[in-house]
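Colleague: Quick one, structure for this:
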Amino acid sequence: MPSRFQSVIGVGSAFSGAILSMVVAVPSQARTAPADRILERAKKEAQSAGTGSTYSNWYFSWLQEDHDLPSQAEIEALRERLRDKPDHRERPVLEGYDRRLKKGPDVARFEVWFRSQSHWRFNTTYLQTPVNYFDIVTDGRIGWGMGPEQLTLIDPTGTIPPGYDYPASEGMILQGIGQFVHPGFVLPAMSKLELGGVIIAGGVWTITASRKDLIALELSGPNPDADRLAATDVRLTRSAKLPGEVGRRWAITLTKGTFPPVILASEVREFAPDGRLLRRYVLEKAEAKSDEEMRTMFAPPAIDGTDPIRGPVTFKELHDHSGGGVPVYTLNHLGEKRVVLGTELPEVRAARRLREAGWWAAGVLAASIVFIRVYRVRARRSLPARSS
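Modeller: Take a look at the predicted model:
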C-alpha cells in the first residue's frame, strides 16, 4: 500500500519513477523511526514499573480518596446478599458504601519505604474509620505487621497468615508508586500486556497495550520527543471477561517541577465507564532516603516499645507465626503474655477485615485489567525466599 508521501507526490506528479523512489525512501524511514523510538521508551517505562527498580531507597506518601458509590438498587441488592453473613468478605465493602453515603469519600494515606520487591514497609492510615492504621513489613528474611492492638511476627518461609497478604501488598505497592513514577505504564506492566500500535498526531502519542483478544488498553500522552514518556490518559478498550468495564478511564495530571525529576505525575483520577469518579490518588511526598534512614524502618517494635512512625505502642495481642504452631497471646499492660487465644479479639479482627476489604476491592478493579491473574499466581507463593 502506498505511503502518504507516495500518494501526495504521486498524484498528478510528473516526476520520473527513479526520482519518486528516491523521494519515497527517505520520508518512509523518517516516518517510522519516531514510532520505533517511542515504543522503545514505552517498553523501558513498563519494565521499570513492573519491578520498582527506579525507586530503590525511596519513600513515598500519597492519599487515596474512594468515591465509589453504585446505584441505591445495587447497594440494597448487596445488603440483601449479605444478610445473616456478618463475616463475609464483602461486608466491609457494604459498610464503606453506607459510610460514604453519609460522610463523603473515604480517605486513606499510604506510605512506602521501598528498597526492592522483597524489602519494603507499607503503612496504611485510615483517616475516617475507627481502626486507624495497619502496617506490613518484610526485608526478605523476616516479616511482621501491626495495627493499634496487634503485633504479628511471620516466618518468611512459612505460610501467609490471614490479613497479611504479602503478594497482594507487593502488587499494591508497585501499582501505587508506579502510577506517579511511570504514569500509565504501570497498568500494562502489572498485567503483562504487550505494547505496540504507536500513533503520533498533533504532538500526542498513542500506544495500544493488549493480550490477544482478551484485553486492550489505550495510552496517550504529550511530548513524543521527551526522554521519558508519561501518559495523561489511559482507557480500557477491550475486556473479554468483563465487557461492562470497557470505557474505564484513568486521567493523569503530570507534575510541574514540584517533585524530584524521577516523579512524572502528581494526581490520578479513575472513572467508571459511565463517567462516575471512582478514586482519586494524590501524591504528597517522594524523596530518596539514606541506607541508615531506611534501616530504622524495618525492625519490629518491642511489645511495650516505640515504632519510628507510630510512636509508643501498646499491643493487646501477639500473633507469633515465627516458629512451630501459631500461638495467639493476649498481653497485659506490661507486655507480658497472659492467655493463649483461639481467635482474635474483636477490635483486632476489625482491623484485619478492613485491610482485607481493601485487597478485595483492589481485586475487583484488577479483574477488569487482569491484575487479578497476577495476584492469584503470586498468592500461591509464600513470602519472598530468604536472601543469600
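
Colleague: List the buried residues in the one helix or strand residue 108 maps to.
Modeller: Using DSSP states H and E, residue 108 falls within strand 106-116. Of the residues in strand 106-116, those scored as buried under the neighbour-count criterion (16 or more other C-beta atoms under 10 Å) are 106, 107, 108, 109, 110, 111, 112, 113, 114, 115. All C-beta spots, glycine's among them, are computed from the backbone N, C-alpha and C.

Colleague: Just list whatever residues bridge to the residue lying closest to the first one once chain neighbours are set aside.
Modeller: Okay, so that is residue 106. Closest residue in space to residue 106, ignoring its immediate chain neighbours: residue 66 at 4.3 Å, by C-beta to C-beta, 6 or more residues apart in numbering. Taking DSSP bridges as the rule, residue 66 bridges to residue 106, residue 279.

Colleague: Show the low-confidence segments of the stretch 101-250 of the chain, by residue range.
Modeller: Within the stretch 101-250 of the chain, the set of residues satisfying pLDDT under 70 comprises 129-131, 156-157, 159, 162-163.

Colleague: ranges for the helices of it?
Modeller: Taking DSSP state H, counting those that start in this stretch as the test, the helices found in the stretch 101-250 of the chain are 166-181, 186-190.

Colleague: would TSV of those with distance to residue 249 and mean neighbour count be doable?
Modeller: Converted to TSV, the helices of the stretch 101-250 of the chain look like this (distance: least, C-beta to C-beta, whole Å; neighbours: other C-beta atoms under 10 Å):
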stretch	distance to residue 249	mean neighbour count
helix 166-181	14	23
helix 186-190	11	25
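
Colleague: Output the ones you listed as CSV; include the columns distance to residue 314.
Modeller: Compiled in CSV, the helices of the stretch 101-250 of the chain are given as follows (distance: least, C-beta to C-beta, whole Å):
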stretch, distance to residue 314
helix 166-181, 25
helix 186-190, 38
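
Colleague: looking at these, which is closest to residue 297?
Modeller: The stretch from the helices of the stretch 101-250 of the chain with the least distance to residue 297 (C-beta to C-beta) is helix 166-181; that distance is 13.8 Å.

Colleague: Could you check the angle the closest one makes with strand 106-116?
Modeller: Helix 166-181 and strand 106-116 are oriented at 100 degrees to each other (axes from the mean of the first three to the mean of the last three C-alpha atoms, to 10 degrees).

Colleague: Only the C-alpha atoms, please, for helix 166-181, written as CSV.
Modeller: Below are the C-alpha coordinates for helix 166-181, written out as CSV (Å, rounded to 0.1, in the frame of the first residue of the first chain):
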residue,chain,number,x,y,z
TYR,A,166,2.4,-10.1,51.2
PRO,A,167,2.0,-10.8,47.5
ALA,A,168,-1.1,-8.6,47.3
SER,A,169,0.7,-5.8,49.2
GLU,A,170,3.6,-6.1,46.8
GLY,A,171,1.3,-5.6,43.8
MET,A,172,-0.5,-2.6,45.5
ILE,A,173,2.9,-1.0,46.3
LEU,A,174,4.2,-1.3,42.7
GLN,A,175,0.8,-0.1,41.3
GLY,A,176,0.6,2.8,43.8
ILE,A,177,4.1,4.1,43.3
GLY,A,178,4.2,3.3,39.6
GLN,A,179,1.2,5.5,38.8
PHE,A,180,3.3,8.5,39.8
VAL,A,181,6.8,7.4,38.6
